[in-house]
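K.L.:
Sequence first, then the predicted structure:
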Amino acid sequence: MVFLHLFIINKSGGLIYHRELSKYAPIIDVNILLRIGSSFHSLCSIAVEASPVKKNLPAMMGAGAGGNVTGSGGAGAGASNSGVSGSAKSSAGEADDDGIEVIEGDGLILCCFQTRTGVKFVITAKPGTRGLKKTLREIYVLYADCTLKDPFYELEMPIRCELFTQAIDDLMERIDPGGVSGRNGGGNDGIVKLR
């Protein structure tokens, strides 16, 4: 298992946190990191709107077009063939329209978990890495425990919480105790990285 990068994107599309998770993670310029965050947010929005499979139960039942649109984001039923999938289930069992969930390429897997408040947790890894969705959910719990409970943290702003960064490092060490996911340089890499 080799995790590469962790991105947290706010509901407006701004990158609020970035962390290199492995010594194999490519070094990315800070301006490119910001563009990655906003581009991924835009792609998720486009995937939701362009999804060929949409279930609009209120509209189907005569409630009009003002109902909630749910369905699979991404590429619909053939998503697994194209390398992109985006369907999710809510607690009620109907599909939620969250946009892109997984993109698989020859040298990279990108997995996204979007919260109900619109914050996106995105992790990249080398192909063959398992448990990406579970890892993202654990990171979300750490975010809620470490960042949202910090009295000095303001929503939608960059995350500068040392406790959160340490918790991410501890999680990566627990997931990959062999040390393959050793971080570059340690410390708080946060969002601003000048190289």
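P.N.:
That came in fine, so what should we check first?
K.L.:
strands paired with the lengthiest strand in the chain, and their directions?
P.N.:
What stands out as the longest strand in the chain, according to DSSP state E, is strand 95-104. Strand 95-104 has its sheet partners listed here by DSSP bridges as strand 84-89 (antiparallel), strand 109-114 (antiparallel).
K.L.:
lowest-confidence stretch among the ones you listed?
P.N.:
Among these, strand 84-89 has the lowest mean pLDDT, at a mean of 44.
K.L.:
Mind jotting down where the strands sit in the protein?
P.N.:
3-9, 15-20, 54-55, 70-71, 84-89, 95-104, 109-114, 120-125.
K.L.:
Could you dump those strands into JSON lines and include distance to Leu171 and mean neighbour count?
P.N.:
Backbone N, C-alpha and C define where each C-beta goes, glycine included. Output for the strands of the chain, formatted as JSON lines (distance: least, Cβ to Cβ, whole Å; neighbours: other Cβ atoms under 10 Å):
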{"stretch": "strand 3-9", "distance to Leu171": "10", "mean neighbour count": "23"}
{"stretch": "strand 15-20", "distance to Leu171": "11", "mean neighbour count": "23"}
{"stretch": "strand 54-55", "distance to Leu171": "35", "mean neighbour count": "15"}
{"stretch": "strand 70-71", "distance to Leu171": "31", "mean neighbour count": "20"}
{"stretch": "strand 84-89", "distance to Leu171": "22", "mean neighbour count": "19"}
{"stretch": "strand 95-104", "distance to Leu171": "20", "mean neighbour count": "20"}
{"stretch": "strand 109-114", "distance to Leu171": "14", "mean neighbour count": "22"}
{"stretch": "strand 120-125", "distance to Leu171": "11", "mean neighbour count": "23"}
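K.L.:
what about His5, distance to Ala125?
P.N.:
Computed as Cβ to Cβ, to the nearest Å, the His5 to Ala125 distance reads 9 Å.
K.L.:
do the same with Ala167
P.N.:
As defined by Cβ to Cβ, Ala167 lies at a distance of 19 Å from Ala125.
K.L.:
Equivalent analysis for Glu104, please.
P.N.:
10 Å.
K.L.:
can you check Ala144 too?
P.N.:
Distance check for Ala144 against Ala125: by Cβ to Cβ, it reads 23 Å.
K.L.:
before we move on, back to that, alpha carbons of the longest strand of the chain, as PDB, please.
P.N.:
Provided in PDB are the C-alpha atoms of strand 95-104 (Å, rounded to 0.1, in the frame of the first residue of the first chain):
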ATOM      1  CA  ALA A  95     -28.300   6.900  -4.300                       C
ATOM      2  CA  ASP A  96     -26.800  10.200  -3.400                       C
ATOM      3  CA  ASP A  97     -25.300  12.500  -6.100                       C
ATOM      4  CA  ASP A  98     -21.800  13.200  -4.800                       C
ATOM      5  CA  GLY A  99     -19.900  13.500  -8.100                       C
ATOM      6  CA  ILE A 100     -16.700  11.700  -8.600                       C
ATOM      7  CA  GLU A 101     -15.700   9.000  -6.100                       C
ATOM      8  CA  VAL A 102     -12.900   7.100  -7.800                       C
ATOM      9  CA  ILE A 103     -10.700   7.700 -10.700                       C
ATOM     10  CA  GLU A 104      -8.300   4.900 -11.700                       C
END
